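> Structural data only, the sequence is not supplied:
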């Protein structure tokens, strides 16, 4: 009897934890898509996708990132920053109407999505300087 | 009462352990300034950037690939439409000066330890950096003329380098961007030779 209780407790805990499979991480978000986009997205008053991407790349280089991937057709850039920590960011650029480009950044750090509002605000502030354009918040 | 008091201490201890696990358990947080332009960004940009006259963007990218190959890098990614090349190589990170100094250091500490305690079983734990992965991204863009229009025959090129270093036990010891001016100077010296060859071949 003395042995059985801890074993039961362990099995119970294992069952409780086991109900959440690690494969669920594939589709796990943690926040609503609308909520995330509100701080990860900004619109710029330009129709030039290439120039916007080139500005994004220049901004990432200013912020000490080294690029991983870049694709003009898909309008995306991925880069990594190493500074005692490892930070990975993907930035996408796509047209919004005829006169705007929509820039979205999302970053990952230590197995988590970066949800810090200041982080994204700092990125868009740096990008604004590089683009000589104002970043508009998107509804 | 005494029993209750002891029990309360037990709970306090457990709470302290829990807090220690939460905050002290190597749970590193991303610095607040990760996306702020660092004060030295202008200096770094100058270090990493060169203006190249008399060459088109594609030819410059080709010359860059040549240099990267000379240096033993493999090209991981390229997007000529955006002037981007990404390359990497894995190399030894053994630094003889580093080994000598850390050996001397650990010898000193083990001697000190031997003097201070009678326990001679403690071994000096020496770890060396053995491998590193170096990553380079090269970005080109057309230089602008006096009216702000892009020029076909002059480019601006910026190189950024970073590296990950592992020790002999496979632990990551460094994750850093390379900011040594000499590294960039050597790269650009080689690039100007490669550009010369590239233009000769045209």
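Noted; the coordinates are in hand. It should be emphasised that the depicted structure is a prediction, and the values quoted were computed from it without experimental measurement.

> What does the pLDDT read for residue A:95?
As predicted, residue A:95 sits at a pLDDT of 97.

> Does chain B have contacts with the helix or strand hosting it?
If you go by DSSP states H and E, residue A:95 is part of strand A:86-96. Yes. Counting by CB under 8 Å from any CB of the partner chain, chain B is contacted by strand A:86-96 at A:86, A:87. Heads up, the C-betas are built off the backbone N, CA and C, glycines and all.

> Residues contacting that strand, please?
With contacts defined as CB atoms under 8 Å, 6 or more residues apart in numbering or on different chains, strand A:86-96 is touched by A:43, A:47, A:49, A:52-53, A:56, A:60, A:65, A:68, A:74-81, A:101-110, A:114, A:123, A:138, B:30, B:34, B:175.

> Now the element after it, going C-ward?
With DSSP H and E, the next secondary element past strand A:86-96 is strand A:100-109.

> buried residues in that following strand?
Residues of strand A:100-109 classed as buried by neighbour count (16 or more other CB atoms under 10 Å in any protein chain shown): A:100, A:101, A:102, A:103, A:104, A:105, A:106, A:107, A:109.

> same for chain B: which of these are within range?
Checking the buried residues of strand A:100-109 against chain B by CB under 8 Å from any CB, the ones in range are residue A:109.

> tell me which parts of chain A are close to chain B?
Counting by CB under 8 Å from any CB, the residues of chain A close to chain B are A:50, A:53-54, A:57-58, A:61-72, A:77, A:79-87, A:109-110, A:114, A:116, A:118-120, A:122-123, A:126, A:129.

> Among those, which lie within strands?
The strands, defined by DSSP state E, take in A:65-71, A:77, A:79-82, A:86-87, A:109 from those.

> Now, of these, which are buried?
Burial by neighbour count, 16+ other CB under 10 Å: within those this picks out A:65-71, A:77, A:79-82, A:87, A:109.

> quick one: the helices in chain B?
In chain B, the helices defined using DSSP state H lie at B:2-24, B:41-48, B:57-70, B:96-116, B:181-201.

> Can you list the low-confidence ranges for the chain?
Just so you know, I chose chain A. For chain A, the stretches with pLDDT under 70 are A:1-20.

> Not quite, go with chain B.
For chain B, counting by pLDDT under 70, the residues that fall below are B:1-28, B:97-107, B:109-125.

> what residues are up against the residue nearest to residue B:169 when sequence neighbours are not counted?
Among residues not flanking residue B:169 along the chain, residue B:127 sits closest, at 6.2 Å (CB to CB, 6 or more residues apart in numbering or on different chains). Neighbouring residues of residue B:127 by CB under 8 Å, 6+ apart: B:167, B:168, B:169, B:171, B:173.

> shouldn't the first one be in contact with residue B:130?
The reference is to residue B:167. Yes. At 6.2 Å, residue B:167 and residue B:130 qualify as touching, with contact defined as CB atoms under 8 Å.

> Relative to residue B:44, how far out is the most centrally placed residue in chain A?
Central residue of chain A (CA atoms, centre = their mean): residue A:106, 1.3 Å from the mean position. Distance of residue A:106 to residue B:44, given as CB to CB, to the nearest Å: 25 Å.

> where does chain B come near chain A, residue by residue?
Contact residues, chain B versus chain A (CB under 8 Å from any CB): B:28, B:30-38, B:41, B:44-45, B:48, B:76-77, B:79, B:81-84, B:86, B:135-137, B:139, B:141, B:158, B:160-164, B:175-177.

> Out of those, which end up buried?
For the residues of chain B next to chain A, buried by 16+ other CB under 10 Å: B:30, B:34-37, B:44, B:48, B:77, B:79, B:82-84, B:86, B:135-137, B:139, B:141, B:158, B:160-164, B:175, B:177.

> Adjacent strands (with direction) for the lengthiest strand in chain B?
Longest strand in chain B, counting residues (DSSP E): strand B:150-167. According to DSSP bridges, the neighbouring strands of strand B:150-167, each with its direction, are strand B:49-53 (antiparallel), strand B:129-144 (antiparallel), strand B:172-177 (antiparallel).

> Please identify the deepest-packed of those strands.
Neighbour counts (mean count of other CB atoms under 10 Å in any protein chain shown) averaged over each of the strands paired with strand B:150-167 peak at strand B:129-144, with a mean of 20.

> Perfect, I'm done here.
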